[in-house]
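Participant: all I have is the shape, not the residue letters:
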């Protein structure tokens, strides 16, 4: 029996050029009757930046800033999703479940895989920018890390 796609996790970096990936995700969801989870991972600060911030900003202010950032990201995700749902309302009217948005804190590659496992996802979809060979070797990319460590199939949509 061919594998069924029931749940798709779309790991979105909220870049302005997500249209091709979002269209593909929604098309796959419609075709397979799959649930879509639009997720964004908030990357933790490195130790040096965290120490500097902790020295100058009180805990209350940091908490307020974190809440504001999460609220802003959630608003951007909801707006992105809403725009696509409206633009393709006729085509997407028969989606079995409305897409869900999730914001997670942590290293993106690990957070994507953890959420996909928690949600029992059958497919992870990600954007990938084109990088030079040197930057790929030194830094790597979130997409590269997920591709090489995921037990769930990963579909990478290039952003140009």
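Facilitator: Received, thanks. Computed from a predicted model, the values in this text were never measured in an experiment. Numbering: from 1, shown residues only.
Participant: same for the longest helix along the chain, what does it pack against?
Facilitator: What stands out as the longest helix in the chain, according to DSSP state H, is helix 59-87. Counting contacts by 3 or more Cβ pairs under 8 Å, 6 or more residues apart in numbering; DSSP states H and E, helix 59-87 packs against helix 19-32, strand 35-42, strand 100-105. C-beta coordinates here come from the backbone N, C-alpha and C atoms, glycine included.
Participant: what's the closest non-adjacent residue to residue 150?
Facilitator: Closest residue in space to residue 150, ignoring its immediate chain neighbours: residue 113 at 5.5 Å, by Cβ to Cβ, 6 or more residues apart in numbering.
Participant: ok, now which ones touch the one you found?
Facilitator: Neighbouring residues of residue 113 by Cβ atoms under 8 Å, 6 or more residues apart in numbering: 124, 146, 149-150, 152.
Participant: hmm, residue 124 is touching residue 152, no?
Facilitator: Yes - assessed by Cβ atoms under 8 Å, residue 124 is found in contact with residue 152 at 5.5 Å.
Participant: from residue 96, how far out is residue 47?
Facilitator: 44 Å (Cβ to Cβ, to the nearest Å).
Participant: of those two, which one has the most company?
Facilitator: Between residue 47 and residue 96, residue 96 has the larger neighbour count (other Cβ atoms under 10 Å), namely 11 against 8.
Participant: over to the closest residue to the more buried one other than its chain neighbours: give its phi and psi.
Facilitator: Spatial nearest neighbour of residue 96, excluding adjacent residues (Cβ to Cβ, 6+ apart): residue 33 at 5.1 Å. When read as degrees, to the nearest 10, the backbone of residue 33 gives phi 60, psi 30.
Participant: so residue 33 is in contact with residue 122, correct?
Facilitator: No - in this structure residue 33 lies outside contact range of residue 122 using Cβ under 8 Å: 11.7 Å.
Participant: ok, residue 14 to residue 40 distance?
Facilitator: Separation of residue 14 from residue 40 (Cβ to Cβ) stands at 6 Å.
Participant: joint contacts of those two?
Facilitator: By the contact definition Cβ under 8 Å, 6+ apart, residue 14 and residue 40 are jointly contacted by 73, 77.
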